[in-house]
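S.K.: please work out how this folds:
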Amino acid sequence: MKIFIDNTRREFLRKLIAGASMMGMAPVLSSLQSCTGSTPILKIPQRPFGNTGEMVGIYSLGAQATVEQVGMKDQALEIVNRCIDMGINYIDTSAWYGMDGNSSEGDHLRGTSERHVGEVMKTRRSEVFLATKTHDRSYDGAMRHLESSLENLQTDTIDLWQIHNIKGGGDEDIDYIFSDEGCMKALMKAQDEKIVRFLGISGHADPDPMKELVDRYPFDAVLMALNAADKHYNSYIEKLLPTTVEKNMGIIGMKIPARDRIFSHGGIITMKEAMSYTMTLPISTIIVGIDKIAELEENIRIAQEFESLTADEMLAIEDKVKPHHEHLLFYKGLSEWPEEWSGNNV
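M.R.: Now for the predicted structure:
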């Protein structure tokens, strides 16, 4: 039985890997020169962002961790600027993101990440594809978020506006989202008025309501939790990813190292394994939050040197994480939300 299961999974992964290969991946050369002054520096390879006509680097910034922390503006700006300097051209933030130490409680924290990113956008907006989100499901609430997001980000156009954190367990009223009072009316209005270029959804708790949404409306992009533990419970890779590939959506992977939990228990897998696993899938990009510049530089090196894994290599990584999958899939409700909010990931 195990041989049959492994072979079935192997074939499934092979098809996904082939799908990623069909997307193509373009190497990008920096206009900067190496220290020798003669050899161009290889930057982050790019993939198509679904049907949008945009190309994004396979590794991008999730503006949480240090970037969303109150009182860390200088460090946040350093990270955002360094990201762009090193070739990152996709930045993800949200009207929700804001932290004070290990707490995200309090309306006064909302928009901290956007404000930090906005300090850079006022001079470097043309260099990035900018994504943000609304967590309000009502038309009025989403429109208020749009107004504050534009002000915080110091821009008049958002490239991708997303419905934030689609919930599972029957907690999401999808009919309300599409009602006259729901947030979809705000998203479509903003796109019609060219304030927003593209529309998307995000979520990490349950793939089922997200699939219902993408089946119901032609969203341009989806941000979902994709890591090596995913297959062991309520899998996004099995339940949602094939649909989004078929629809040629922009696909963004998050929760790559599961808020640093891949480094616990003596090191379940390495950051290279974690990133390579997800980048081998037919995704456009992955987003990762950053605490320190050293983390950023390490991750960019991994992205620069990325080579697609084989199905057997992916199976081996999945087996490594299996004993710890409940710990790693905390965001699906299998274990408590981590006490430590800092760390290398969104």
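S.K.: when you work out contacts or count neighbours from here on, use the C-alpha atoms and nothing else.
M.R.: OK.
S.K.: what packs against the longest strand anywhere in the chain?
M.R.: Secondary structure of the chain per DSSP state E: the longest strand is strand 196-203. If you count contacts as 3 or more C-alpha pairs under 8 Å, 6 or more residues apart in numbering; DSSP states H and E, strand 196-203 packs onto strand 158-163, helix 183-192, helix 207-216, strand 221-225.
S.K.: deepest-packed of those, please.
M.R.: Of the helices and strands packed on strand 196-203, the one with the most neighbours on average (mean count of other C-alpha atoms under 10 Å) is strand 221-225, at a mean of 26.
S.K.: who does it pair with, and is each partner parallel or antiparallel?
M.R.: When pairs are called by DSSP bridges, strand 221-225 turns out to pair with strand 196-203 (parallel), strand 250-254 (parallel).
S.K.: what's the separation between Ile177 and Asp260?
M.R.: Here the distance between Ile177 and Asp260 works out to 33 Å (C-alpha to C-alpha, to the nearest Å).
S.K.: circling back: the strands paired with strand 221-225: which one's closest to Glu78?
M.R.: Nearest to Glu78, of all these, is strand 250-254, at 22.2 Å by C-alpha to C-alpha.
S.K.: show me how far the longest strand of the chain is from its chain's centre.
M.R.: How far strand 196-203 lies from its chain's middle: 12 Å, per C-alpha atoms, centre = their mean, to the nearest Å.
S.K.: returning to what we had before: got the strands paired with strand 221-225 as JSON lines, with mean neighbour count columns?
M.R.: As requested, the strands paired with strand 221-225 are exported to JSON lines (neighbours: other C-alpha atoms under 10 Å):
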{"stretch": "strand 196-203", "mean neighbour count": "21"}
{"stretch": "strand 250-254", "mean neighbour count": "25"}
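S.K.: as CSV, the ones you listed with distance to Asp136 and mean pLDDT would be great.
M.R.: Compiled in CSV, the strands paired with strand 221-225 are given as follows (distance: least, C-alpha to C-alpha, whole Å; pLDDT from 0 to 100):
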stretch, distance to Asp136, mean pLDDT
strand 196-203, 12, 98
strand 250-254, 21, 98
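S.K.: so where is the chain shaky, pLDDT-wise?
M.R.: The chain contains residues with pLDDT under 70 at 1-5, 24-42, 335-346.
S.K.: all strands for it, in order.
M.R.: Per DSSP E, the chain carries strands over the ranges 29-33, 40-42, 46-48, 55-57, 59-62, 90-92, 129-134, 158-163, 196-203, 221-225, 250-254, 285-288.
S.K.: tell me the gap between the fourth one and the middle of its chain.
M.R.: Computed by C-alpha atoms, centre = their mean, the chain-centroid distance of strand 55-57 equals 13 Å.
S.K.: sheet-wise, list the partners of that strand with their directions.
M.R.: Applying DSSP bridges to the sheet, strand 55-57 is found paired with strand 46-48 (antiparallel).
S.K.: for the fifth one, same thing?
M.R.: Using DSSP bridges, strand 59-62 pairs in its sheet with strand 90-92 (parallel), strand 285-288 (parallel).
S.K.: now the terminal residues of stretch 234-253, how far apart.
M.R.: Its start and end residues considered, stretch 234-253 measures 16 Å (C-alpha to C-alpha).
S.K.: again with stretch 267-283
M.R.: Length of stretch 267-283, first residue to last, C-alpha to C-alpha: 25 Å.
S.K.: now do the buried residues in it.
M.R.: By 16 or more other C-alpha atoms under 10 Å, the buried positions in stretch 267-283 come out as 268-269, 271-283.
S.K.: just stretch 326-335 next, same as before
M.R.: Residues of stretch 326-335 classed as buried under the neighbour-count rule (16+ other C-alpha under 10 Å) are Glu326, His327, Leu328, Leu329, Phe330, Tyr331, Lys332.
S.K.: then that stretch to CSV, C-alphas only?
M.R.: The C-alpha coordinates for stretch 326-335 follow below in CSV (Å, rounded to 0.1, in the frame of the first residue of the first chain):
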residue,chain,number,x,y,z
GLU,A,326,0.9,19.4,13.6
HIS,A,327,3.5,21.8,15.0
LEU,A,328,4.2,23.2,11.6
LEU,A,329,0.6,23.6,10.5
PHE,A,330,-0.4,25.7,13.5
TYR,A,331,-2.0,28.2,11.1
LYS,A,332,-4.6,25.5,10.2
GLY,A,333,-5.5,25.2,13.8
LEU,A,334,-3.6,22.0,14.6
SER,A,335,-1.6,23.6,17.4
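S.K.: please state the offset of it from the chain centre?
M.R.: 18 Å.
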